[in-house]
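# how would this look folded up:
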Amino acid sequence: MSMAVFKEFRLYCAHSVQVFGEGHKCSRKHGHCYKVRVEVHKHVDPDTNIAIPFDDIERAWREVGEPLDHTDLNEKFGSNPTTEVLAMYLHGQMGIALGHQCSVEVRETESSGVIIRS
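Down below sits the predicted model:
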């Protein structure tokens, strides 16, 4: 049986997004508490009854996500570090760190976010 196993994390980051133009509220430096959900779809191992240990997702997050915590995303991603850019980065890097495709949801606010499904 295949199932989705997930862990949720938080990232506190600053950024400014210049693509909206001068004077737009997002062009000023500001911060978000991003809520990130990493979801792995795998078959349950019949010997262990585990699809993927939560610890494996946690370990990958420590490698990929934690280094971004309390940083300025403009320093890593340039002048337009949108939520889409952050989601694409996390999706790719978490997949590599896990050795398995994953889905990633990044919420910039309670009502706005990006989902990349694998």
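# now the end-to-end length of stretch 21-39.
Stretch 21-39 has an end-to-end distance of 35 Å (Cα to Cα, to the nearest Å).
# List the contacts of it.
4-18, 20, 57, 60-61, 65, 72, 83, 86, 90, 94, 102-109, 113 (Cβ atoms under 8 Å, 6 or more residues apart in numbering). Glycine gets a C-beta too; all of them are placed from N, C-alpha and C.
# got it, and stretch 110-117?
Residues from elsewhere that reach stretch 110-117, judged by Cβ under 8 Å, 6+ apart: Lys35, Thr83, Glu84, Leu86, Ala87, Met88, His91, Ser103, Val104, Glu105, Val106, Arg107.
# One more: stretch 49-57?
2-3, 5-7, 38, 40, 42-45, 98, 100.
# List the buried residues of stretch 37-55.
Within stretch 37-55, the residues that count as buried by 16 or more other Cβ atoms under 10 Å are Arg37, Val38, Glu39, Val40, His41, Lys42, Ala51, Ile52.
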